[in-house]
Structures are given as C-alpha cells and as structure tokens.
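S.K.: what would the 3D arrangement of this be:
(one chain, ligands or ions: 3)
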Amino acid sequence: MAKDATRAPAPLRAAQAGERESREAARKTGRIVARFGQHSIIAADDGQEYEAVRRGKRLDAVVGDRVSYTLHHGSAAIEAIEPRRNLLYREDAERTKPLAANVDQVAIVFAPQPAPQREFLWRAMLACAAADVDALLVLNKIDIESPAARAAFDEACALGARGLCVSAKTRPAEAREALDRECRGRVTLFVGHSGVGKSSLLSLLLGERLRVGELSQRSGQGKQTTTATRWYPYEDEGALIDSPGFQSFGLHHLNAADLPGWMPDFAAAPGACRFADCRHLEEPDCRIRAALAAGTIAPERHAFYRRLLDEGESSRLRSPRR
Ligand SMILES: Nc1nc2c(ncn2[C@@H]2O[C@H](COP(=O)(O)OP(=O)(O)OP(=O)(O)O)[C@@H](O)[C@H]2O)c(=O)[nH]1
Ligand SMILES: [Mg+2]
Ligand SMILES: [Zn+2]
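M.R.: Ligands and ions are numbered 1, 2, ... in the order given. Have a look, this model is predicted:
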C-alpha cells in the first residue's frame with residue numbers, strides 16, 4: 001500500500017510529469033524583433049512571428065534578445081531570456097529603459113537639422129564603450145551645409161570613432177553603398193534624435209521591408225516618426241535595428257570609477273594619480289588634471305565628465321538600491 005502519504009497517487013504523478021514534459025517539448029526558441037511599450041514580437045526560428053506577453057519583470061525582454069517561449073492560443077509567453085552579450089539603455093525624462101541587446105555596433109546618426117548636440121555623441125560613444133560595442137558615426141543630410149555638424153563629426157572621430165558623411169535624400173546610392181559595407185554581417189542598432197534620418201537611411205538598405213505600417217504621422221509637421229524598436233534581418237546574417245528618436249543614452253547604471261577608462265582622451269592620459277580612489281576633480285597630483293592643464297584633455301570634456309559624476313550622484317540619491 002502507499003507508504004508516502006505526501007506524494008500524489010501514481011496516475012496523477014504521471015500526468016503531472018507528462019504535462020511538464022509536453023510543456024518542455026512545446027518550448028521553442030526565437031528572437032525579440034519588435035518592442036512597443038509592454039508588447040513585443042518574437043520571430044520564431046522558422047520565421048513565423050508571434051505577439052508576446054511579458055511574464056513578470058524578470059522576463060523584460062528587449063529587441064535582440066534570444067528567448068524561449070511557449071504558445072498559448074496563438075500568442076507567446078516568454079519563459080526565459082538567454083544570457084545577453086550586451087545591453088544598451090536609453091534615457092527619457094529621468095527614466096532609464098533598456099533599448100536593445102546583443103548588438104555588434106551602434107550607428108549614431110546625427111544631422112545639421114535637428115541641430116547636432118555633441119554631448120549626445122559623447123554620451124552615445126561612452127555607452128558603446130561601456131557595452132563593448134563599436135560606434136559608427138553617421139552624419140546625414142550633408143546636402144545641408146553646416147560647419148557646426150562637421151565640427152562635431154571631426155571632434156568625435158578624433159576620439160576614435162569611425163565615421164561616414166552621407167545624404168539619404170540627395171546621394172542615396174552612395175549612402176546605401178557606404179552603409180552596406182559597414183553593416184553587412186553585423187548587428188547594427190541605429191540611434192539618434194527624432195528627425196535625423198534613421199528610417200530614411202534604413203529604407204535605402206531594406207527597401208519595402210521597412211515597416212511603413214509602424215510609422216505614424218507626426219502631427220502638424222507631416223513627418224513620419226518611428227514608434228517601435230524593430231529588428232530587420234540583413235545581408236550575411238547581419239541585422240539592422242531601427243529605433244524611435246530619443247534624447248539621451250542611459251548612463252546612470254555605470255560606475256563612476258570606470259568612466260575615465262571608457263573615454264579615450266582620459267584613458268590616454270599618462271602617469272598615475274596620487275590617490276587610488278582619485279575622482280579627478282580637485283585632488284592633487286592627478287593625471288587627468290595634468291592632461292587638462294597640458295591641453296590633451298579639452299575643458300569641455302572635463303566639464304562633461306563632471307556632469308556625469310553629478311548625475312550619477314543624484315540618481316544614486318534618488319534610488320539607493322542602484
Ligand atoms: N535634406 C535632407 N533631408 C533628409 C535626409 N534624410 C532624411 N531627410 C528628411 O528628414 C526627415 C526625417 O527623416 P526620418 O528618416 O523619418 O528620421 P528618423 O531619424 O527616422 O526620425 P524618428 O523616427 O522620429 O526618430 C524626413 O522628412 C526626411 O525626408 C537628407 O539626407 N537630407
Ligand atoms: Mg524613424
Ligand atoms: Zn586623478
């Protein structure tokens with residue numbers, strides 16, 4: 001007779017195990033290819049697409065994530081997210097949100113209009129360095145003359161980024177060729193302020209595959225603005241990711257002590273600081289301040305670094321768990 005009263009009767013145990021097994025068997029793998037708010041789309045390995053429901057905060061998958069999922073009445077429930085190679089964050093109105101995962105490079109798009117902000121470029125480059133992905137600067141709309149945009153481009157290239165100058169509108173064939181050379185075989189995330197021409201450049205590479213249905217009319221201006229982050233397979237197993245314009249890269253999660261290592265001009269400053277925990281602000285015998293005095297670090301770059309430290313401080317005060 002049954003000696004272990006806590007165990008389910010044999011037939012029930014078998015049924016439970018069977019259910020578990022069939023659930024495991026029903027588990028499939030795919031990639032998150034679109035994300036809008038709380039909704040996302042999974043492309044199964046066979047190419048079929050499913051709308052996915054999020055199951056709790058832990059399973060907050062972003063575009064580029066490889067996931068396993070089960071199907072329930074035609075929609076997918078994410079069961080697990082595979083470990084990420086990297087993760088990039090965007091930042092809006094004091095909130096940091098994950099943007100995309102598992103990318104090889106970030107195309108940082110900017111243009112004479114809307115006016116380029118070099119701090120956006122610096123932040124984007126820092127985010128790339130911290131996530132260990134390559135940065136590709138793309139100055140678009142070169143049909144519009146702009147010494148300020150050129151200066152921001154040259155300055156950022158001097159910090160070690162690769163760069164392209166293109167016009168999606170007046171020199172589409174050249175733009176297509178230059179981008180294709182940089183993007184085939186790699187996963188490229190396109191970022192930049194709204195209106196700089198990210199989707200225009202992507203449509204040169206993708207043609208009709210760019211989802212026009214996911215572009216909405218921006219009121220008053222008659223412009224199309226991207227509302228979802230979307231992954232498009234591209235040549236040689238590469239991919240192109242379009243993203244909605246945003247103001248800034250999220251850098252609050254970074255450790256202040258690591259910042260100089262991710263800023264090429266700071267990293268190149270020779271020597272050592274007297275204090276191991278030097279913050280490179282007012283401390284004596286500081287290699288960064290010496291480079292600043294010698295002119296190899298620009299005052300604007302040191303002011304940028306100081307702002308990042310201040311932001312880090314205030315965000316830690318706001319959320320002590322970070
Ligand atoms: N003059 C000029 N205009 C361009 C060029 N490329 C794009 N545009 C225009 O810039 C506007 C914005 O282009 P989009 O491609 O929608 O910009 P986006 O970066 O995708 O914008 P969001 O989706 O809002 O982030 C459109 O009116 C384009 O026609 C260019 O090379 N030169
Ligand atoms: Mg767009
Ligand atoms: Zn120092």
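S.K.: and the spatially most central residue of the chain, what element?
M.R.: With the centre of the chain defined as its mean C-alpha position, the nearest residue by Cα atoms, centre = their mean is L88, 3.6 Å away. Using DSSP states H and E, L88 falls within strand 87-92.
S.K.: following that strand, which helix or strand comes up?
M.R.: The element immediately downstream of strand 87-92 (helix or strand, assigned by DSSP H and E) is strand 95-101.
S.K.: specify the beta-bridge partners of the residue nearest to the centre of the chain.
M.R.: Applying DSSP bridges to L88 gives these bridge partners: A100.
S.K.: quick one: contacts for it?
M.R.: Counting by Cβ atoms under 8 Å, 6 or more residues apart in numbering, L88 makes contact with 98-101, 103, 106, 127-128, 131, 133, 189, 249. C-beta: built from backbone N, CA, C; applies to glycine.
S.K.: how about the residues you listed in TSV, adding pLDDT and distance to A34?
M.R.: Output for the contacts of L88, formatted as TSV (pLDDT from 0 to 100; distance: Cβ to Cβ, whole Å):
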residue	pLDDT	distance to A34
P98	87	14
L99	90	13
A100	95	11
A101	97	14
V103	97	15
V106	97	18
A127	93	22
C128	95	23
A131	92	21
V133	95	21
L189	97	14
F249	79	21
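S.K.: filter the residues you listed by proximity to ligand 1?
M.R.: When Cβ under 6 Å from any ligand atom is taken as the criterion, no member of the contacts of L88 contacts ligand 1.
S.K.: tell me the one of the residues you listed nearest ligand 3?
M.R.: Distances from ligand 3 to the contacts of L88, taken as Cβ to the ion, are shortest for A127 (22.9 Å).
S.K.: any idea how many residues pack against the nearest residue to that closest one once chain neighbours are set aside?
M.R.: With Cβ to Cβ, 6 or more residues apart in numbering as the measure, F249 is the residue that lies nearest to A127, at 4.0 Å, once sequence neighbours are left out. By the criterion of other Cβ atoms under 10 Å, F249 has 24 neighbours.
S.K.: which stretches of the stretch 101-250 of the chain have low pLDDT?
M.R.: 212-224 (pLDDT under 70).
S.K.: want to throw the contacts of L88 into TSV with distance to L210?
M.R.: TSV is the format used below for the contacts of L88 (distance: Cβ to Cβ, whole Å):
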residue	distance to L210
P98	23
L99	19
A100	17
A101	21
V103	18
V106	19
A127	25
C128	24
A131	25
V133	23
L189	15
F249	24
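S.K.: so which of these reach ligand 3?
M.R.: Judged by Cβ under 5 Å from the ion, the overlap between the contacts of L88 and the neighbourhood of ligand 3 is nil.
S.K.: for the stretch 151-300 of the chain, what spans make up the strands?
M.R.: 162-165, 187-191, 215-218, 223-226, 229-234, 238-242, 248-249 (DSSP state E, counting those that start in this stretch).
S.K.: in CSV, list the ones you listed along with distance to A178.
M.R.: Below are these laid out as CSV (distance: least, Cβ to Cβ, whole Å):
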stretch, distance to A178
strand 162-165, 5
strand 187-191, 13
strand 215-218, 24
strand 223-226, 22
strand 229-234, 15
strand 238-242, 14
strand 248-249, 24
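S.K.: of all those, which one is nearest Q113?
M.R.: When the strands of the stretch 151-300 of the chain are compared for distance to Q113 using Cβ to Cβ, the nearest one is strand 223-226, at 11.6 Å.
S.K.: how many neighbouring residues does A267 have?
M.R.: Based on other Cβ under 10 Å, the number of other residues close to A267 is 11.
S.K.: okay, it and ligand 2: tell me how far apart.
M.R.: According to Cβ to the ion, to the nearest Å, A267 and ligand 2 sit 33 Å apart.
S.K.: which of the strands of the stretch 151-300 of the chain sits most buried?
M.R.: Each of the strands of the stretch 151-300 of the chain was assessed for mean neighbour count using mean count of other Cβ atoms under 10 Å. The highest is strand 187-191, with a mean of 25.
S.K.: now it against strand 238-242, angle please.
M.R.: 20 degrees (axes from the mean of the first three to the mean of the last three Cα atoms, to 10 degrees).
S.K.: show residues contacting strand 187-191.
M.R.: Contacts to strand 187-191, defined as Cβ under 8 Å, 6+ apart, come from residues 64, 88, 90, 99-100, 102-109, 124, 136, 182, 198, 201-202, 234, 238-243, 246, 249.
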